[in-house]
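# Show me how the following folds:
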Amino acid sequence: MFRRIGWQVLLVGLGFLLAAGMLAYLAATYTTEFRPAPGGTYVESVGGYPQTLNPLLSAYNDADSDVAALVFSGLTRLTPTGEVEPDLARSWDINSSGITYTFELRRDVLWHDGIPFTADDVVFTIGLMQDPDYPGPSDLAALWQSVRVEKVNDYTVKFGLQEPFAPFLDYTTIGLLPYHLLKGIKAADLPALDFNRAPVGTGPFRLAEVSEAEGRIAAITFKRFSRYYGAAPYLENVILRFYPNPRAALEAYEGGTVEGVSRIPADLLAEAVKQPKLQLYSTAFAEMAVVYLNETISATVPFDDNRVRQALFFGLDRQALVNEVLSGQAIVPQTPFLPGTWAYNDEGVFHYEYDPNKALGLLLTAGWSRATPTETLHNAAGAPFAFTLLAANEPQELALAQSIAQQWARLGISATVQAVPPLALSGVLEARSYQAALVHLGIPGDPDPYPLWHETQALAGQNYAGFRHRRISEVLEQARMTVDRVQRLQLYHEFQQLFMTELPALPLYVPIYTCGVDERVQGVQINAMLMQTGHRFRSIADWYVLQRRVVVGETQ
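Residues are numbered from 1 along each chain as shown. Coordinates of the predicted model:
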């Protein structure tokens with residue numbers, strides 16, 4: 001009996017030794033780590049209210065753009081460098097003449113109600129923008145009205161252009177609408193559709209609930225669309241809460257109501273930095289602040305003189321403007337194109353560093369002088385160098401305009417800042433009834449400067465400076481009709497060189513876009529360049545709030 005008990009004790013001991021050895025082996029060979037897990041909710045505050053949850057009407061409202069980015073998809077989408085890549089389209093082909101584009105569609109796409117996406121949806125959406133009563137952006141309407149759309153089969157669509165137009169692919173990024181839900185409507189019906197409060201798209205999230213307060217959309221809840229054709233997001237829910245302005249949006253985070261803030265402007269950045277758990281993500285935004293100089297009024301202000309325009313630019317310390325007014329939250333460009341995008345090239349481009357002495361020398365050669373350093377410059381006829389600088393009636397814009405005026409005052413130039421309502425500024429530009437104006441140009445995607453600087457646009461188009469230059473016009477004509485990327489790059493390089501010599505406008509800065517996300521939310525990345533505010537969700541499939549423990553081997 002005792003011998004049997006001894007063997008049992010021995011066996012137990014051996015078992016312990018084997019178990020200990022196995023545990024030691026596992027500890028040496030395997031480890032545990034935490035990985036993202038599906039589920040959870042992310043809540044974000046947005047400064048501004050959505051108006052129409054419809055991608056055909058979202059161009060003028062950032063909150064609408066944010067919603068469209070989660071719910072809808074286009075045939076294509078923009079990369080951070082402004083290039084076009086497939087989305088709902090699997091691929092496309094351009095014929096040798098550059099006027100026929102044939103798109104092959106993905107066959108695995110479903111609308112949020114489970115109906116397959118087909119060519120009918122493409123043809124239907126384009127038809128709405130071709131309608132003379134389309135209430136969206138006029139440039140979209142003008143482009144699509146000149147394009148012939150043909151359904152080849154359920155998954156092939158052909159577009160026929162009247163002539164080669166290299167920026168065409170940019171127009172295929174707009175979100176598409178479901179034919180099966182909206183067939184029969186006309187473009188004039190778009191703003192009043194019930195669909196605009198209960199949209200159905202093909203994006204990674206479907207709209208689940210809209211909450212309203214005081215006649216406005218106060219919050220929207222989105223659910224992960226389980227049958228999305230792209231990478232499945234980890235997050236189960238995304239909730240956007242809307243506030244009257246960016247300050248209120250930041251205060252919502254400070255009060256614990258939300259976990260992220262959509263946009264933190266420069267004047268709130270110092271306050272945001274004080275939040276210990278708020279992670280800030282910054283990147284360039286596809287926009288440029290410029291000063292327009294109206295050359296059509298040369299009888300009263302000498303903006304038609306290239307030497308004067310160069311002097312004004314040499315007399316601006318742009319980096320000081322960025323540091324002092326924008327808290328450093330901007331990039332100073334060397335050309336009118338966005339740094340970091342595919343067409344930007346400042347090689348061989350004339351650079352303007354702050355040099356008031358050079359500015360005064362140019363003004364002297366242009367016929368302007370002053371008896372003492374404190375006087376205003378006068379021309380030979382005794383007329384002072386004085387003009388009005390328009391700026392939108394917003395604190396940051398007015399502060400920037402005042403700083404510009406103060407820098408020019410050191411040269412003896414009198415610029416009087418005049419505030420105008422933001423919505424009225426474009427009307428003043430179109431009427432050419434201004435002298436100088438501080439404006440912001442949106443430049444997402446293909447830069448195509450033709451509408452802004454071609455001589456045919458000087459009186460009735462967007463060439464608000466009234467600038468005319470034959471060679472620049474020729475370059476812009478050729479560039480928008482050249483599909484070959486290498487040739488376009490060469491043409492745009494020449495354009496940037498000519499522009500920075502002629503200076504029909506003064507490029508000031510490209511703003512930095514900053515958003516905030518609580519440290520609880522991980523996997524967040526923001527593109528190197530945001531083409532639209534909604535593009536901050538480009539990587540949302542990688543965002544997560546839940547984790548799971550996984551045992552992995554050393555070789556993995």
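
# where does this protein dip in pLDDT?
For the chain, the stretches with pLDDT under 70 are 1-30, 551-556.

# Would you mind splitting it into its domains for me?
With domains defined by automatic domain parsing, the chain comprises 30-49+221-277+519-556, 73-202, 287-511.

# Please enumerate the helices of the stretch 101-250 of the chain.
Ranges of helices within the stretch 101-250 of the chain are 119-130, 138-145, 179-182, 246-254, based on DSSP state H, counting those that start in this stretch.

# do you know which of the ones you listed lies nearest Leu78?
helix 138-145 (15.3 Å; Cβ to Cβ). From N, CA and C alone the C-beta is placed, and that goes for glycine too.

# out of the domains of the chain, nearest to Asp66?
domain 30-49+221-277+519-556 (4.6 Å).

# Check what contacts stretch 495-507 and list those residues.
Contacts with stretch 495-507, where a contact means Cβ atoms under 8 Å, 6 or more residues apart in numbering, come from 288-293, 295, 306, 309-310, 312-313, 316, 333-337, 344-346, 348-352, 449, 453, 465, 467, 469, 471-472, 475-476, 479.

# Export the helices of the stretch 101-250 of the chain as a markdown table, with columns for distance to Ala401.
Shown next, in a markdown table, are the helices of the stretch 101-250 of the chain (distance: least, Cβ to Cβ, whole Å):
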| stretch | distance to Ala401 |
| --- | --- |
| helix 119-130 | 36 |
| helix 138-145 | 28 |
| helix 179-182 | 45 |
| helix 246-254 | 20 |
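
# Need those in TSV (columns: mean neighbour count).
As requested, those are exported to TSV (neighbours: other Cβ atoms under 10 Å):
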stretch	mean neighbour count
helix 119-130	20
helix 138-145	14
helix 179-182	17
helix 246-254	20
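
# wait, which of these is closest to Phe165?
Ranking the helices of the stretch 101-250 of the chain by proximity to Phe165 (Cβ to Cβ) places helix 138-145 first, at 7.9 Å.

# Dump the closest one to CSV, keeping only the CA atoms.
The C-alpha coordinates for helix 138-145 follow below in CSV (Å, rounded to 0.1, in the frame of the first residue of the first chain):
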residue,chain,number,x,y,z
SER,A,138,-23.1,75.6,-61.1
ASP,A,139,-19.7,74.1,-62.1
LEU,A,140,-21.0,70.6,-61.6
ALA,A,141,-24.1,71.4,-63.7
ALA,A,142,-22.1,73.0,-66.5
LEU,A,143,-19.7,70.1,-66.7
TRP,A,144,-22.3,67.3,-66.7
GLN,A,145,-24.6,69.1,-69.1
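
# now that helix against helix 119-130, angle please.
On the basis of axes from the mean of the first three to the mean of the last three Cα atoms, to 10 degrees, helix 138-145 is oriented at 120 degrees to helix 119-130.

# With respect to Asp64, which of the domains of the chain lies nearest?
Nearest to Asp64 among the domains of the chain is domain 30-49+221-277+519-556 (8.7 Å), distances taken as Cβ to Cβ.

# Test my guess that Ala392 contacts Leu425.
Yes. At 5.5 Å, Ala392 and Leu425 qualify as touching, with contact defined as Cβ atoms under 8 Å.

# closest to Gly203 out of the helices of the stretch 101-250 of the chain?
Nearest of these to Gly203, taken as Cβ to Cβ: helix 119-130 at 13.5 Å.

# Show me what that closest one is in contact with.
By Cβ under 8 Å, 6+ apart, helix 119-130 touches 56, 75, 103, 105, 134, 136, 140-141, 144-145, 147, 149-157, 174, 176-180, 182-183, 185-187, 190.

# Put the buried members of the residues you listed into a ChimeraX selection.
ChimeraX command restricting the contacts of helix 119-130 to the buried ones, with burial defined by 16 or more other Cβ atoms under 10 Å:
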select :56,75,103,105,134,136,140,141,144,147,149,155,157,174,176,177,178,179,182,185,187,190
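
# circling back to that earlier point, distance to Ser65 added to the domains of the chain, as JSON lines?
JSON lines is the format used below for the domains of the chain (distance: least, Cβ to Cβ, whole Å):
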{"stretch": "domain 30-49+221-277+519-556", "distance to Ser65": "4"}
{"stretch": "domain 73-202", "distance to Ser65": "10"}
{"stretch": "domain 287-511", "distance to Ser65": "10"}
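
# among the ones you listed, which is nearest Ala63?
Checking the domains of the chain against Ala63 by Cβ to Cβ gives domain 30-49+221-277+519-556 as the closest, at 4.5 Å.

# How far off centre is the closest one?
18 Å (Cα atoms, centre = their mean, to the nearest Å).

# same check, this time on stretch 162-181
Using Cα atoms, centre = their mean, the distance from the centre of stretch 162-181 to the centre of the chain it belongs to is 18 Å.

# And it, end to end?
31 Å (Cα to Cα, to the nearest Å).

# buried ones in the helix or strand containing Val43?
Element membership of Val43 [criterion: DSSP states H and E] is strand 41-47. For strand 41-47, the neighbour count (16+ other Cβ under 10 Å) marks 42-47 as buried.

# So which elements touch whichever strand or helix holds His440?
Following DSSP H and E, one finds His440 within strand 436-442. The contact analysis (3 or more Cβ pairs under 8 Å, 6 or more residues apart in numbering; DSSP states H and E) places strand 436-442 against strand 287-293, strand 386-392, helix 395-409, helix 422-430.

# ok so, going back, partners of the strand holding Val43, with directions?
When pairing is defined by DSSP bridges, strand 41-47 lines up against strand 237-243 (parallel), strand 260-261 (parallel).

# Past it, which element shows up next along the chain?
Defined by DSSP H and E, the subsequent element after strand 41-47 is helix 62-71.

# What is that next one packed up against?
Here helix 62-71 touches strand 41-47, strand 205-213, strand 216-224, strand 237-243, going by 3+ Cβ pairs under 8 Å, 6+ apart.

# Tabulate those (TSV), appending distance to Gln490.
Output for these, formatted as TSV (distance: least, Cβ to Cβ, whole Å):
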stretch	distance to Gln490
strand 41-47	42
strand 205-213	42
strand 216-224	44
strand 237-243	43
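
# Out of those strands, the one nearest Arg197 is which?
strand 205-213 (5.7 Å).

# Could you spell out the sheet neighbours of that closest one, each with its direction?
Strand 205-213 pairs in its sheet with strand 216-224 (antiparallel), by DSSP bridges.

# what's the single longest strand in the chain?
Taking DSSP state E as the criterion, the chain has its longest strand at strand 505-518.

# neighbouring contacts of stretch 269-283?
With contact meaning Cβ under 8 Å, 6+ apart, stretch 269-283 is reached by 250, 253-254, 261, 264, 327, 329, 512-520, 524-530, 536.

# circling back to that earlier point, can you tell me which of the buried residues of strand 41-47 is closest to Tyr544?
Distances from Tyr544 to these, taken by Cβ to Cβ, are shortest for Tyr42, at 9.0 Å.
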